[in-house]
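# sequence unavailable; structure follows:
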Ligand SMILES: Nc1ncnc2c1ncn2[C@@H]1O[C@H](COP(=O)(O)OP(=O)(O)O)[C@@H](O)[C@H]1O
Ligand SMILES: N[C@@H](CC(=O)OP(=O)(O)O)C(=O)O
């Protein structure tokens, strides 16, 4: 059997949903399909949570009304408004009930209860559309399958429980020959609270299913030809890469390449399942295959991360930043759930480069001032090049000043001002 994952971009318009329908219809054999929220719905839901948690219930409800309207219009355009109505209304009501109350738990909890609905709405509409158009499928609420802890917004999967549910509830449907259609990115705790697995986590959900079902392959359908050696939106002459190994992709994702979620590779690598990245705009094109075998002669792979922050931490009393203080710092990173993109240790200082996530930068600085004097510089860019050569790096750096540099034989990272 195979696992397909369709991201938000592939279901962002009625025309694209129809296109997804024809890709699925052209495929024979048992199939599990994981779908993300439509277009930028997750961002829109994040705004609902911010308004709600900021105490502006009216604004939260108004913003949510926009999301409802979009999904109803999508269902109407696809000719399945009547079929999808009951399910959509149930999910709308779930969120609206919550928004009518005052927050009594923390922000992360409400985030997951609200944001999870994006995937539920999109799959409800797509499933009805497929059923109405000759692609019979079985819709499953993934929260009944994927059990997680309550680390809201970055929940960890309970693998043994999830494996048992896959065997009990998913495997029989696939064995009966039906297509299973479910949500990416979300799960639930043992208390039936919704959780999310980290932004862009649908790739990971698909990999979890592929692993537990011992799939013959997982395909991620995207708006690009496959994996390229740079983001084609930033580098119009980025080159398509035919073949990569797991290690290379895990490194790319770690350094911030936006093409595949970093957690996706491990479940696939552990079972030797190939990952295909293909274009939903050109489904017959070859795409990229990612597997275990080593691949020679890769082009330089470029990752450009903008909106970076440099946090300089200097010990207050000139203590060395050795194992004690470094351990404290990593405890703080863990507490605020914030991973630095680059770090460098000096005698009495520690430098870290972070995404400009204001709330987390503030929280990190707040905790760190216990031990350090903290200085923050914003508006920087972190350039990472794997398989680099000096001429390319200096061309990419251009006139920008280099603030921090780190390099190994394979990878160079330069923080640019
Ligand atoms: N190395 C890369 N190769 C291909 N695409 C990349 C790469 N880095 C970033 N991207 C971006 O990833 C986008 C597709 O991912 P995304 O928008 O997250 O799709 P999805 O809807 O599947 O989540 C592409 O449009 C492209 O701009
Ligand atoms: N909808 C979620 C999960 C996801 O993976 O989406 P996409 O496949 O569109 O990146 C998000 O936007 O984070």
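It's in. On a predicted model such as this, the values are computed, not experimentally measured, just so you know. Ligands and ions are numbered 1, 2, ... in the order given.
# residues of this structure that sit close to ligand 1?
Counting by C-beta under 6 Å from any ligand atom, the chain comes close to ligand 1 at 7-9, 200, 222-224, 227-228, 230-233, 257-259. (Each C-beta comes from the backbone N, C-alpha and C, glycine too.)
# looking at the residues you listed, state which has the most neighbours.
Highest neighbour count within these, by other C-beta atoms under 10 Å: residue 227, with 26 neighbours.
# beta partners of the closest residue to it other than its chain neighbours?
Of all residues not flanking residue 227 in the chain, residue 288 sits nearest, at 4.3 Å (C-beta to C-beta, 6 or more residues apart in numbering). As for beta bridges, residue 288 partners with residue 277 under DSSP bridges.
# and the residue lying closest to residue 328 once chain neighbours are set aside, how many neighbours?
Closest residue to residue 328 apart from its sequence neighbours, by C-beta to C-beta, 6+ apart: residue 371 at 6.0 Å. Neighbourhood size, residue 371 [other C-beta under 10 Å]: 20.
# swap in residue 380?
21.
# and it, how far from ligand 2?
Look at residue 380 and ligand 2: by C-beta to the nearest ligand atom, to the nearest Å, they are 24 Å apart.
# in the helix or strand hosting that residue, what counts as buried?
In this structure, residue 380 is located in strand 372-386 according to DSSP states H and E. Going by neighbour count (16 or more other C-beta atoms under 10 Å), the buried part of strand 372-386 is 372, 374, 380, 381, 382, 383, 384, 385, 386.
# over to stretch 21-30?
Within stretch 21-30, the residues scored as buried using 16+ other C-beta under 10 Å are 21, 23, 24, 27, 30.
# what's the most distant pair in those residues?
Farthest pair in the buried residues of stretch 21-30 (C-beta to C-beta) is 21 and 30. Separation: 17.9 Å.
# next up, phi/psi of residue 171, please.
When read as degrees, to the nearest 10, the backbone of residue 171 gives phi -50, psi -50.
# does it touch residue 209 like I think?
No. Using C-beta atoms under 8 Å, residue 171 is not in contact with residue 209, being 10.6 Å away.
# residues contacting residue 340?
Residue 340 is in contact with 333, 352, 353, 354, counting by C-beta atoms under 8 Å, 6 or more residues apart in numbering.
# and the stretch 251-400 of the chain, which residues reach ligand 2?
Neighbours of ligand 2 within the stretch 251-400 of the chain, by C-beta under 6 Å from any ligand atom: none found.
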